[in-house]
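> Here is my input; please provide its structure:
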Amino acid sequence: MATVQPVGCNMRHIQPARRGDQDIPARTADKNSPMKQSAGGKHPSENRTRDVVDRQIHHELTKTRYRSLDLVDLMFGHLVTTNLARDILDRLLADGTVTCKEAESKKEAEAHHALNAAYADAVAHACLRSDAPPDETSESETKYHWCWANFPPIPINENELVAFLSSVAGNALSIARSILGDNSLKPKNRFAVPVNKNHGFPLSYKRDGEVMRPDFMILPLGAFSDDEEPEVNEAFANFTAILLAGEFRSARNAREGLIQAQRYMRGIKRAQPWLRFATGMTVGKDFVALLRLDCSGIECIELLLTDGRGCIEFIRLVLGIVLADKEEFGHNPAVVIGKKDDSVDVPGLRCAYNPHAVTSFVNSDFTSQSAIPPTFSASASESGSSCSASSGLPSANQPSATLSAVCKSRAASTGPKSGPGDESNQGNKPKTTKRTTKFRAFIPVRMYGRRCLGILFTSNSILGRGTTVCVFAASDNGKTHFGLKTSRQGVTRAEDQVAVLKKLSAHPSHPNFIVPSKLFDPKAEDSRVDSMLGLIRALLDEEMRQLQVENCFLTVTVSELRRPVAFFWSPHDFVRGVVGALLGHEYLCEIGILHRDISENNIILSPCRGGLGTLIDFDMAIAGRPNMHKNSPPPPRVPKKEILASLLQPSSPLPVTDSPYKTQCAGTTPYMSTGVLRGEPHTHYDDIESFLYVLVLFFLSYRGPLRREVLERARVQGFAQPVGEGRLPHVTSWPDMLERWASGSHEEISYRKAGDLNTISHAHFMKQLYPHIRSRWEPHSQSTASALGVLIARCWTMFPCRDLKVAHTQFIQVLQEWLQQYAGDESNYTYPFEV
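So this is what the prediction gives:
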């Protein structure tokens with residue numbers, strides 16, 4: 001993101017933030033771009049340490065960080081107008097809450113002139129959204145320097161910061177009531193500090209192994225007691241409940257705080273995947289930044305509190321936050337939220353004894369691979385508190401008393417925060433322990449008119465489709481379940497998907513793939529339809545064409561729900577699933593559809609004992625010629641020496657043009673074929689090669705099946721993931737030799753896979769792999785471990801022998817022969833789904 005600019009930084013325009021790093025073009029309509037790696041949609045067995053996630057987040061956000069300097073107006077302008085904010089600032093000048101001096105002489109400025117200059121500067125920069133900023137009318141010409149009297153001193157204390165923000169909001173609300181003559185204005189939200197300062201924040205998507213705790217947050221009034229000195233209910237301090245997460249930075253450098261806020265927003269999106277967008281804040285020595293994150297990037301406005309225009313926008317921001325409904329924070333009105341009380345073990349924060357030690361996260365080019373830095377947390381203030389009777393929020397006349405009552409009985413902060421992926425301050429950290437925390441989770445109970453039983457899957461991160469699948473039951477006493485899938489599709493992809501679904505509807509159905517049905521057409525005039533650039537960012541058609549930002553539509557589909565592969569009951573159960581998916585893929589090729597996204601998540605297992613699996617998810621599919629898998633010569637192979645030579649050459653900078661961009665490839669990185677990873681045309685052979693990686697990675701991802709009672713309970717719940725759960729107990733991390741398929745550039749991963757599949761080295765690969773198979777499967781059955789070694793060796797050897805061009809029938813024959821040969825081993829497992 002852009003760093004804090006000189007006076008006049010809050011002009012209202014969208015401008016790409018360029019920091020000298022090599023940007024990867026955003027995706028829109030007409031031109032290909034290099035492939036991006038995403039921090040979402042990862043298999044739970046993949047490496048999820050903090051530095052890995054941070055690198056992926058950085059890669060996702062390249063070319064998608066925007067200075068959106070009308071962001072406050074877009075989010076809260078209907079609640080707090082510029083005129084109202086100016087009048088409030090006038091009152092605050094009069095009572096001494098804000099002061100203004102002439103910058104050169106340091107003399108008290110004429111309030112009327114300074115206020116008019118600030119207002120004129122704000123009005124001059126109305127909503128203008130383009131790549132080029134409007135003409136400057138900088139207030140620096142008048143040389144005014146503004147100051148907030150009660151802004152907390154450096155180093156900033158989080159309790160005092162929340163006290164300051166709350167007092168500004170409370171005073172602004174009281175003044176707004178007086179100016180508007182409307183006493184019905186009521187606060188709906190409050191600023192708050194996390195109650196527990198020594199442990200992580202619950203529900204930060206546990207499978208990532210993250211331990212995060214925002215410095216401050218926004219919670220609805222229902223999270224506070226009704227006392228005269230309201231206290232926050234600790235149960236609400238979790239990522240499913242907060243509306244906004246914030247970070248403060250004592251230094252002038254805004255960059256570190258902005259990046260930390262991005263991590264918090266990612267946590268919010270993963271815990272609340274139904275959100276249209278997530279919001280965050282960063283507060284520093286003399287600035288406040290607001291961020292909004294959606295699937296196409298991040299918008300940010302940075303307000304200098306020494307700037308008159310910045311002061312006006314700051315008033316609009318804090319007052320808008322306390323008056324806003326949850327929709328202003330990204331909630332989808334088509335999703336009805338309920339609550340559930342539960343408990344979870346929360347890891348302790350690693351704390352260094354030096355409270356002023358801060359490690360930089362990034363260099364000036366946003367390219368560092370180190371972990372997110374710890375943050376300042378000085379001793380907490382325990383001063384008294386009072387609330388303004390007129391506003392219901394703490395009074396500005398008592399700056400330290402704010403939600404310090406909210407923070408009563410809180411332990412003082414003991415130093416910088418960090419998580420399990422951090423490598424800073426390793427030498428002087430005391431040991432911390434887990435703490436069982438009760439929490440109130442806010443979960444969807446109805447989505448688009450259907451009763452929701454829980455979330456089955458979410459790949460929400462920062463960018464991307466943000467696919468989420470929720471479970472709902474049919475009207476047959478829960479015997480049948482359906483999946484409701486929401487995802488964001490680019491304009492071009494949405495058109496491709498329509499063509500695929502149209503082609504599928506013209507052919508007979510097939511038992512080995514499931515065609516979803518759409519709830520509504522994203523191209524139709526429908527109030528339920530939203531687009532990122534239209535509804536969220538409020539861009540006109542002409543403005544969308546000017547910006548290199550992908551416009552995405554929300555798509556909602558419904559399909560029959562079957563068993564995810566993680567709930568297999570025997571190895572043979574999964575192998576039959578792959579056989580069925582291959583049969584479904586073969587039929588798709590016959591009718592002229594290329595799937596292009598073969599992964600573990602897109603194969604589901606049969607509800608019947610001995611049944612075959614099914615292929616799902618046509619989001620990345622494209623329509624082509626029928627029988628594409630027959631009588632088609634395989635594309636030429638690139639020799640291994642050429643691949644290696646291309647990797648050793650220095651990469652040239654990407655060209656910067658005015659042309660829009662779109663995605664070049666499709667698939668999930670660990671399962672992509674070597675050719676697709678190199679950018680070669682995607683064929684049906686690449687999908688079949690992806691089936692091989694699905695097979696190999698599956699048996700290295702699990703330590704046998706789940707217990708019978710767990711599987712039975714999961715079926716009753718529609719296989720929905722319970723709130724607060726991390727990865728399933730039988731999931732295990734991939735060995736390093738396979739983790740290499742998920743990390744690095746796509747060219748590097750392609751080279752590694754090609755080396756493993758080489759006709760010379762494939763035997764050595766299997767020799768290294770077999771001990772990992774034994775360690776996962778021998779505890780269940782020694783014969784099963786041996787049988788799986790045979791299965792993987794046969795399939796792995798088949799591909800280099802056929803130059804990676806394996807037909808459906810050849811792959812299916814190997815799998816069926818194995819099922820027949822080792823049928824007796826399935827008696828070591830018990831089928832758990834008898835009715």
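
> Secondary structure element holding Glu753?
For residue 753 the amino acid is Lys, not Glu. helix 746-756 (DSSP states H and E).

> now for whatever helix or strand comes next after that helix, which elements pack on it?
Sequence order places helix 762-777 as the next helix or strand after helix 746-756, per DSSP H and E. Helix 762-777 makes packing contacts with helix 684-699, helix 736-739, helix 782-801 when contacts are defined by 3 or more Cβ pairs under 8 Å, 6 or more residues apart in numbering; DSSP states H and E. The way it works is simple: take the backbone N, C-alpha and C, and place the C-beta from them, glycine included.

> What are the buried residues along helix 762-777?
762, 765-766, 769-770, 772-773, 776-777 (16 or more other Cβ atoms under 10 Å).

> Can you give me the buried ones in the lengthiest helix in the chain?
In the chain, taking DSSP state H as the definition, the longest helix is helix 158-180. Neighbour-count burial for helix 158-180 flags 158-177 (criterion: 16+ other Cβ under 10 Å).

> Quick one: name whatever helix or strand follows it.
Downstream of helix 158-180, the next assigned helix or strand under DSSP H and E is strand 189-192.

> one step back: could you dump the buried residues of helix 762-777 to JSON lines with distance to Tyr264 and pLDDT?
Converted to JSON lines, the buried residues of helix 762-777 look like this (distance: Cβ to Cβ, whole Å; pLDDT from 0 to 100):
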{"residue": "His762", "distance to Tyr264": "45", "pLDDT": "79"}
{"residue": "Phe765", "distance to Tyr264": "41", "pLDDT": "90"}
{"residue": "Met766", "distance to Tyr264": "44", "pLDDT": "89"}
{"residue": "Leu769", "distance to Tyr264": "39", "pLDDT": "94"}
{"residue": "Tyr770", "distance to Tyr264": "43", "pLDDT": "93"}
{"residue": "His772", "distance to Tyr264": "36", "pLDDT": "95"}
{"residue": "Ile773", "distance to Tyr264": "39", "pLDDT": "95"}
{"residue": "Arg776", "distance to Tyr264": "35", "pLDDT": "94"}
{"residue": "Trp777", "distance to Tyr264": "39", "pLDDT": "94"}
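
> For Glu689, state which of these is nearest.
His762 (13.6 Å; Cβ to Cβ).

> where's the closest one relative to Val694, distance?
In this view, His762 and Val694 are 18 Å apart by Cβ to Cβ, to the nearest Å.

> Helix or strand next in line after the helix or strand hosting Glu313, which one?
Here Glu313 sits within helix 308-323, counting by DSSP H and E. Sequence-wise, the next helix or strand downstream of helix 308-323 (DSSP H and E) is strand 335-346.

> Contacts made by that next one with the rest, please.
196, 199-203, 206, 235, 274, 331, 434-448, 723-724 (Cβ atoms under 8 Å, 6 or more residues apart in numbering).

> partners of the next helix or strand after that strand in the sheet?
Reading on from strand 335-346 to the C-terminus, the next helix or strand found by DSSP H and E is strand 435-447. For strand 435-447, the paired strands and their directions (DSSP bridges) are strand 335-346 (antiparallel), strand 450-451 (antiparallel).

> The host helix or strand of Glu302 versus helix 308-323: what angle between them?
Secondary structure from DSSP H and E places Glu302 in strand 297-304. Inter-element angle recorded for strand 297-304 and helix 308-323: 120 degrees (by axes from the mean of the first three to the mean of the last three Cα atoms, to 10 degrees).

> which other helices and strands contact strand 297-304?
Short answer (3+ Cβ pairs under 8 Å, 6+ apart): strand 297-304 packs on strand 65-68, helix 71-76, helix 255-271, strand 287-294, helix 308-323.

> Ala85 is nearest to which of the ones you listed?
So among the helices and strands packed on strand 297-304, helix 308-323 is nearest, using Cβ to Cβ, at 4.4 Å.

> for that closest one, packing partners?
helix 71-76, helix 82-94, helix 111-124, strand 144-148, helix 158-180, strand 189-192, strand 287-294, strand 297-304.
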